[in-house]
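K.L.:
Could you work out the structure for the sequence below:
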Amino acid sequence: MARILIVEDDPPVRALIRAILSLGGHSVTSAETGEEALTHIGSNPFDLVLLDLMLPEMSGYEVLEKMNDLPGGNDLKVVVVSALDEEDGRGVHEAMLGVLDHITKPFGSREIEDAVHDALAGDVEERRARRRRTAEIYRDTFEVSKALR
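P.N.:
Residues are numbered from 1 along each chain as shown. Predicted structure coming up:
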């Protein structure tokens, strides 16, 4: 199965995600901070990163930006797992940084399983491009509606 890095500062949430993924047969590593995540990413090959956005000292967005500067980091598959809802416009920023999916907390085990399966399957670049196009349409629609007010 896949090698997955969980980046989550809340111990119960981290343990829950770890349990879901371990039961699915995945090899799981975890990090509590962005710095710890970047250290793991720089020294270990991962198939997927599940990334919280609200981390101490360094946001998940900062992790994404720094991760993309690491060798091979730009090719890493990322699913955001956050209490921040992407419907408020954050999804645009995530899509531009190459995020494949967004799971909003609280979540069910099925949501994690499905997002992991989808992220690991298929053409990643095609999915990223489609998500970016959708985000751009959302952003443009928002800007037009704001201008019409």
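K.L.:
Next, count neighbours for the nearest residue to H26 once chain neighbours are set aside.
P.N.:
Closest residue to H26 apart from its sequence neighbours, by CB to CB, 6 or more residues apart in numbering: M1 at 4.6 Å. Every C-beta, even on glycine, is put in place using the N, C-alpha and C of the backbone. Look at M1: counted by other CB atoms under 10 Å, it has 13 neighbours.
K.L.:
pretty sure M1 contacts G25?
P.N.:
Yes: here M1 reaches G25: they are 4.1 Å apart, a contact under CB atoms under 8 Å.
K.L.:
and the residue nearest to H26, how far is that from S27?
P.N.:
7 Å (CB to CB, to the nearest Å).
K.L.:
Kindly report the same for G60.
P.N.:
From G60 to S27 the distance is 22 Å (CB to CB).
K.L.:
who has more neighbours, the two?
P.N.:
G60 (26 against 13).
K.L.:
Tell me the confidence at the spatially closest residue to that one that is not a sequence neighbour?
P.N.:
Spatial nearest neighbour of G60, chain neighbours left out: L53 (3.6 Å); criterion: CB to CB, 6+ apart. You'll see L53 listed with a pLDDT of 93.
K.L.:
L53 should be in a strand, yeah?
P.N.:
No: looking at L53 with DSSP: H, G, I helix; E, B strand; the rest coil, it is coil, so not inside a strand.
K.L.:
Good, we can wrap up now.
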